[in-house]
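Participant: Predicted coordinates and the sequence they were generated for:
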Amino acid sequence: MTAPLIELADGIVTELNAQSWTQTFTATRVYSPVVDLKDLKTLSVMVMPRGVATTIDARGRVGLELSIVIGIRKALTALTNAVVDPLLNFADEITEHFRFLNFNPVGSDTAKYVGDEMVTDENWPAFSTEDLETQRQFTSLHSYTYHLFQ
């Protein structure tokens with residue numbers, strides 16, 4: 001049995017890698033976003049399982065709230081709008097894509113659940129000013145919460 005949180009993270013990685021985007025990358029699932037700056041010459045998109053909250057509603061149905069973080073990082077050649085704007089636009093592109101996309105893989109352990117839709121997305125702050133200033137690196141973290149009912 002695979003934990004629903006891992007299945008969701010893997011599903012998001014698969015979806016990210018299957019689409020055409022304005023930026024080129026290969027998404028990976030990780031548990032820690034720590035990357036050596038010298039390895040960030042190309043765009044890094046990381047999907048991190050974050051947490052699970054379980055609820056029981058008035059009818060006795062079990063609900064899961066699964067939190068996932070998508071991290072977007074890249075070393076910058078310059079701190080100009082022409083360099084940073086496309087990365088910020090790309091981060092928004094990902095959020096727009098996943099906002100109404102449901103995950104419920106048939107035959108998977110999460111197939112016993114219904115829903116699997118995004119209920120919250122958070123990207124605050126939109127990027128790390130500290131990373132821009134101290135490391136010349138664009139870092140944007142997007143937290144998504146999906147809700148499932150059994």
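Facilitator: Alright, I've got the coordinates. Just so we're clear, the structure is a prediction, and the values are computed from it rather than from any experiment.

Participant: CA atoms for contacts and neighbours, from now on please.
Facilitator: OK.

Participant: quick one, what contacts the spatially closest residue to Asp57 that is not a sequence neighbour?
Facilitator: Nearest non-adjacent residue to Asp57, counting by Cα to Cα, 6 or more residues apart in numbering: Gly63, 7.5 Å away. Gly63 sits next to 54-57, 147-150 when contact means Cα atoms under 8 Å, 6 or more residues apart in numbering.

Participant: Could I get the average pLDDT for the longest helix seen in the chain?
Facilitator: In the chain, assigned by DSSP state H, the helix with the most residues is helix 81-98. If you average the pLDDT over helix 81-98, you get 94.

Participant: now stretch 41-57
Facilitator: Rounded mean pLDDT across stretch 41-57 is 91.

Participant: Next, the buried residues of it.
Facilitator: Neighbour-count burial for stretch 41-57 flags 43-50 (criterion: 16 or more other Cα atoms under 10 Å).

Participant: what about that stretch, distance to the chain center?
Facilitator: On the basis of Cα atoms, centre = their mean, to the nearest Å, stretch 41-57 sits 6 Å off its chain's mean C-alpha point.

Participant: re earlier: from the contacts of Gly63, which land in strands?
Facilitator: Among the contacts of Gly63, the ones falling in strands (DSSP state E) are 54-56, 147-149.

Participant: circling back to that earlier point, send over the longest helix of the chain as CSV, restricted to the C-alpha atoms.
Facilitator: C-alpha atoms of helix 81-98 as CSV (Å, rounded to 0.1, in the frame of the first residue of the first chain):
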residue,chain,number,x,y,z
ASN,A,81,12.7,42.1,-14.6
ALA,A,82,13.6,40.4,-17.9
VAL,A,83,15.2,37.5,-16.0
VAL,A,84,12.8,37.2,-13.0
ASP,A,85,9.4,37.9,-14.6
PRO,A,86,9.4,34.7,-16.7
LEU,A,87,10.0,32.6,-13.6
LEU,A,88,7.3,34.4,-11.6
ASN,A,89,4.9,33.9,-14.6
PHE,A,90,5.9,30.2,-14.8
ALA,A,91,5.1,29.8,-11.1
ASP,A,92,1.6,31.3,-11.8
GLU,A,93,1.2,29.0,-14.8
ILE,A,94,1.7,25.9,-12.6
THR,A,95,-0.9,27.2,-10.1
GLU,A,96,-3.4,27.9,-12.8
HIS,A,97,-2.9,24.4,-14.2
PHE,A,98,-3.5,22.6,-11.0
